[in-house]
Structure formats: structure tokens, C-alpha cells
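> Okay, predicted coordinates and the sequence, questions at the end:
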Amino acid sequence: MQALHRRLGGALALVARGAILLSGVAMVAMVLIVAWGVFGRFVLNDTPAWAEASALLLLGWVILGAAAVGVREGFHMGFDTLREALPAPVARLFRVLSDLAVTLFGAAMAWYGGDLALEVWDATLPTLGLPGTVEYLPLALGGLLIALFGLERLLAHAVTGQAPAGMPEHTILTDA
């Protein structure tokens, strides 16, 4: 079980880096597209029709990739406030339950997002000319990553009895 945990952790570390890289590239592209849209509107007096739709599409990639990695690193999507007020044994149970809830949420996102993506495959986005699937693909893939990273956290709880090694138990980012 320890060997599986280590191999899975190494593989998912690469997946997390890829997701953050994709989110970063999407963020830069989104900023450039919005800048071009503003320049077109206020300087050229000719707003490109594709700019807003492209920026919104890229926003999905930015949000869901970064949110999934936040789940892996333990600073996104959790029930921290109540858990921190509980005695240690109960707090540990709530950590596991929290990771289980996040994993199930990610699986539901992947399932229903994939279903939505397949339902609109034959539709075309009017301003971009792309299949409608591209609007829901970030939801499905982000949900899949959230579920995978949640499973990694659950496996770490089973193997080590605590949050995954190498991921901070308490991070700089807090609810406060």
C-alpha cells in the first residue's frame, strides 16, 4: 500500500504541475484577449466579437485547473472551521469525511460535466465556431482532477493516518 501511495503521489504531482501550467497559460491568454477587446472597443471602435466568449471560455480552464490543484495541496474545498474546533480524534474523522465529500463532489462534476459536454457536441458556439463541448470540458476535466486528488488524499489517510506527505496541513491561505 505504501508503494502504491508513493507511485500515485509522484504521478499526480506531475498531473498537478500540468494543470497549474495549463491554468497559467489560460490566464495569460485571457488577459491578452481581454486587453485586445478593450483596445478594439475604445481605440479602434470595433469590438472583436470573439473576445468576450474566448475570455469566458479560458476562465473555466483557469478556475477548474487551479481549484483541482488546491484540493491536492489541501487549501481548497474543505470544512476547516468546524473541524479545527473539535477534539483531535473527531477532527481526524472530519478530515477524512471532508476529503471523501470533496472526492465525491469531484466525481459528480466529472460525470455530469462529461454528460453535458456530450449532449452539446453537435451544437456550435456562434462567435467562436467551436463545438459546444468546449464550454463543459473544463468542468468535466476539473472534476476528474478533483476526484483523483481527493482519492490521493483518502489513500494518504489510509496509509499514514494523516494528510498527504509533502502537502501542508496548514497553509498560508486561510479563511480568516
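Cool, the structure landed. All of these numbers come straight from a predicted model, not from anything done at the bench.
> got any ranges where this structure has weak pLDDT?
Across the chain, residues meeting the criterion (pLDDT under 70) sit at 76-80, 163-176.
> could you pull out the helices for it?
Remark: helices assigned in the chain by DSSP state H are 2-42, 49-73, 80-84, 88-119, 133-160.
> what helices or strands is the third one leaning on?
Counting contacts by 3 or more C-beta pairs under 8 Å, 6 or more residues apart in numbering; DSSP states H and E, the secondary-structure elements packed against helix 80-84 are helix 88-119. Backbone N, C-alpha and C define where each C-beta goes, glycine included.
> Please work out the angle formed by the directions of the helix it packs on and helix 49-73.
Using axes from the mean of the first three to the mean of the last three C-alpha atoms, to 10 degrees, one finds that helix 88-119 and helix 49-73 are set 150 degrees apart in direction.
> re the thing from before, will you turn the helices of the chain into JSON lines that also has mean neighbour count?
Shown next, in JSON lines, are the helices of the chain (neighbours: other C-beta atoms under 10 Å):
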{"stretch": "helix 2-42", "mean neighbour count": "14"}
{"stretch": "helix 49-73", "mean neighbour count": "20"}
{"stretch": "helix 80-84", "mean neighbour count": "13"}
{"stretch": "helix 88-119", "mean neighbour count": "16"}
{"stretch": "helix 133-160", "mean neighbour count": "20"}
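> Format those as TSV; extra columns: distance to residue 126.
Output for the helices of the chain, formatted as TSV (distance: least, C-beta to C-beta, whole Å):
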stretch	distance to residue 126
helix 2-42	17
helix 49-73	8
helix 80-84	43
helix 88-119	18
helix 133-160	12
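> Which among the ones you listed is found nearest to residue 127?
Smallest distance to residue 127 across these (C-beta to C-beta): 4.4 Å, for helix 49-73.
> give the contact list for the closest residue to residue 4 other than its chain neighbours.
Leaving aside its sequence neighbours, residue 4 sits nearest to residue 155 (C-beta to C-beta, 6 or more residues apart in numbering; 7.4 Å). Going by C-beta atoms under 8 Å, 6 or more residues apart in numbering, residue 155 touches 1, 4-5, 8.
> Out of the residues you listed, which is nearest to residue 125?
Using C-beta to C-beta, residue 8 comes nearest to residue 125 of the contacts of residue 155, at 36.5 Å.
> contacting residues around that closest one?
152, 155.
> distance of it from residue 40?
Distance, residue 8 to residue 40, using C-beta to C-beta, to the nearest Å: 47 Å.
> now do residue 87
59 Å.
> Also residue 88?
For residue 88 relative to residue 40 (C-beta to C-beta), the value is 58 Å.
> Would you quantify the distance from residue 102 to residue 29?
Distance of residue 102 to residue 29, given as C-beta to C-beta: 28 Å.
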